[in-house]
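**Student:** got a sequence here, can you build the structure:
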Amino acid sequence: MSEKLVEMTRGRIVESIHFGDLAVVDSSGKLLYSVGSPKEKVAFIRSSSKPIQAIPVVESGAVDHFQLTEKETAIFCASHNAEDMHVETVLSILQKIGLPEGALKCGRHLPLDKTAASNLQRAGKEPTEVHCNCSGKHSGMLTLAQHMGWDVTNYTALKHPVQQAMLGAMSLFSGLEREEIEIGVDGCGVPVFGLPVFNMALAWARLSDPSGLPASTQQAAARIRAAMTAWPQMVAGTGRLCTALMTALNGRVIAKSGAEGVYCTALLNRGIGIAVKIQDGNGRANGPVMVETLRQLGVLTADDLQQLESFHQPILYNHRQDIVGSGRAVFTLVPAK
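**Tutor:** Model (predicted):
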């Protein structure tokens with residue numbers, strides 16, 4: 001059963017409460033700490049799957065074949081803001097693999113970054129597929145298809161070898177058989193994976209320490225970790241939790257948000273994965289939960305906490321920019337018995 005994780009206060013009143021389930025797991029599959037019922041709670045991992053979905057792209061040799069950079073590899077893992085640096089990077093990938101922007105089948109929306117969205121509108125332009133926050137992931141899918149000689153027109157279909165390769169990667173990292181993973185359709189039109197929160201954390205633990213996996217998979221995971229830690233701004237962007245966590249902790253963690261209140265983090269060099277699913281799907285709870293989890297695990301220094309304060313205890317403002325409330329984590333990690 002989900003438990004209380006975050007309270008949002010306005011004045012002296014607790015105005016909203018976010019419940020959820022959380023797991024801290026090592027790469028051997030041992031549950032270290034939990035809140036709620038992470039082994040029973042099944043949810044779609046959403047975009048927190050992206051670094052694992054990038055594994056087959058790297059492992060296939062496609063990144064080396066097309067001479068993609070570490071920066072370009074990082075955006076395979078992104079739910080980006082569509083700031084100029086993100087748009088330029090995705091377009092660079094498409095140019096290198098010889099495909100037009102129209103090959104992306106991710107849909108389109110205004111940039112997540114307010115400044116980028118405003119600039120686009122002031123220029124009288126409509127958003128295109130490259131502005132979709134998932135265009136980096138889709139460029140990775142196209143990179144794999146191009147390298148393998150697969151059809152690029154239907155790469156989003158579950159039966160396509162690209163999607164089967166990514167389902168296989170999720171199966172390998174999560175410790176579940178393919179048929180145990182529930183399949184849905186993500187916001188960007190590709191298959192999305194449903195699995196217990198415990199197995200999400202296990203997948204991220206193995207992303208940190210894939211020592212029990214094939215050598216080529218270990219090498220691919222190492223390159224994904226290196227790309228994300230070297231280019232945290234490519235994974236999300238200005239003002240985003242993923243970028244802030246990886247920047248502040250500087251090579252100690254990798255992190256990735258998912259829609260509907262999912263968030264995953266891996267402690268590097270420790271083989272530990274953390275996953276949370278907020279019951280009501282509100283991602284505003286993820287900052288307090290993830291920073292507090294890292295604090296309770298002893299990962300954060302006083303300086304780290306100071307840098308992440310705006311995510312740990314977010315301030316609520318009204319339309320006049322008066323401070324009217326705040327958010328706070330209200331859980332204690334329970335050691336596994």
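**Student:** pass me the low-pLDDT residue ranges in the stretch 151-300 of the chain, would you?
**Tutor:** Under the criterion pLDDT under 70, no range of the stretch 151-300 of the chain is flagged.
**Student:** elements contacting the strand or helix carrying L94?
**Tutor:** With secondary structure defined by DSSP states H and E, L94 is part of helix 84-97. With contacts taken as 3 or more Cβ pairs under 8 Å, 6 or more residues apart in numbering; DSSP states H and E, helix 84-97 sits against helix 70-75, helix 135-148, helix 232-235. Using the backbone N, CA and C atoms, a C-beta is placed for each residue, glycine as well.
**Student:** just checking, E83 touches P111?
**Tutor:** Yes: proximity of E83 to P111 meets the contact threshold set by Cβ atoms under 8 Å, at 7.1 Å.
**Student:** and these two? Which one has more around it.
**Tutor:** Neighbour tally, E83 and P111, criterion other Cβ atoms under 10 Å: the higher count belongs to P111, 25 against 19.
**Student:** I'd like the distance between the residue lying closest to that one once chain neighbours are set aside and G20.
**Tutor:** Excluding the flanking residues, the one nearest P111 by Cβ to Cβ, 6 or more residues apart in numbering is A82, at 3.3 Å. From A82 over to G20 the distance is 28 Å, taken as Cβ to Cβ, to the nearest Å.
**Student:** now the helices and strands packed on helix 84-97 as JSON lines including mean neighbour count?
**Tutor:** Formatted as JSON lines, the helices and strands packed on helix 84-97 follow (neighbours: other Cβ atoms under 10 Å):
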{"stretch": "helix 70-75", "mean neighbour count": "22"}
{"stretch": "helix 135-148", "mean neighbour count": "26"}
{"stretch": "helix 232-235", "mean neighbour count": "26"}
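**Student:** closest one to N154 among these?
**Tutor:** Among the helices and strands packed on helix 84-97, the nearest to N154 by Cβ to Cβ is helix 135-148 (9.6 Å).
**Student:** mean confidence for that closest one?
**Tutor:** For helix 135-148, the mean per-residue pLDDT is 98.
**Student:** higher neighbour count, A82 and G20?
**Tutor:** G20 (29 against 24).
**Student:** got phi/psi on the more buried one?
**Tutor:** When read as degrees, to the nearest 10, the backbone of G20 gives phi -180, psi -170.
**Student:** correct me, but it touches V276?
**Tutor:** Yes: if you go by Cβ under 8 Å, G20 and V276 touch, sitting 5.7 Å apart.
**Student:** hmm, back to that, check contacts around the residue nearest to P111.
**Tutor:** With contact taken as Cβ atoms under 8 Å, 6 or more residues apart in numbering, A82 is in contact with L110, P111, L112, D113, A116, A117, P127, V130, H131, C132, N133, S135.
**Student:** hmm, which two among those residues are most spread apart?
**Tutor:** By the measure Cβ to Cβ, A117 and S135 form the most distant pair in the contacts of A82, at 14.9 Å.
**Student:** check which residues of the longest helix along the chain are buried.
**Tutor:** When the chain is parsed with DSSP state H, its longest helix is helix 215-230. Neighbour-count burial for helix 215-230 flags T217, Q218, A220, A221, R223, I224, R225, A227, M228, T229 (criterion: 16 or more other Cβ atoms under 10 Å).
**Student:** run through the strands of the stretch 101-250 of the chain in chain order.
**Tutor:** Using DSSP state E, counting those that start in this stretch, the strands of the stretch 101-250 of the chain run over 182-185, 191-196.
**Student:** buried set for stretch 149-156?
**Tutor:** Using 16+ other Cβ under 10 Å as the test for burial, stretch 149-156 gives W150, V152, Y155, T156.
**Student:** in TSV: those, plus distance to G175.
**Tutor:** Listed next are those as TSV, based on distance: Cβ to Cβ, whole Å:
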residue	distance to G175
W150	27
V152	31
Y155	27
T156	26
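**Student:** now, which of the residues you listed lie within helices?
**Tutor:** Among the buried residues of stretch 149-156, none falls in helices (DSSP H).
**Student:** tell me the contacts of the residue nearest to the spatial centre of the chain?
**Tutor:** With distances taken as Cα atoms, centre = their mean, the residue of the chain nearest its centroid is K256 (2.5 Å). With contacts defined as Cβ under 8 Å, 6+ apart, the neighbours of K256 are S47, S48, K50, P51, C77, S79, V235, C242, Y263, C264, T265.
**Student:** confirm that the second one sits in a helix.
**Tutor:** Spelled out, that is S48. Yes: assignment of S48 by DSSP: H, G, I helix; E, B strand; the rest coil places it within a helix.
**Student:** can you verify my assumption that it contacts E260?
**Tutor:** No: counting by Cβ under 8 Å, S48 stays clear of E260, with 10.4 Å between them.
**Student:** neighbour-wise, which of these two wins?
**Tutor:** S48 (27 against 17).
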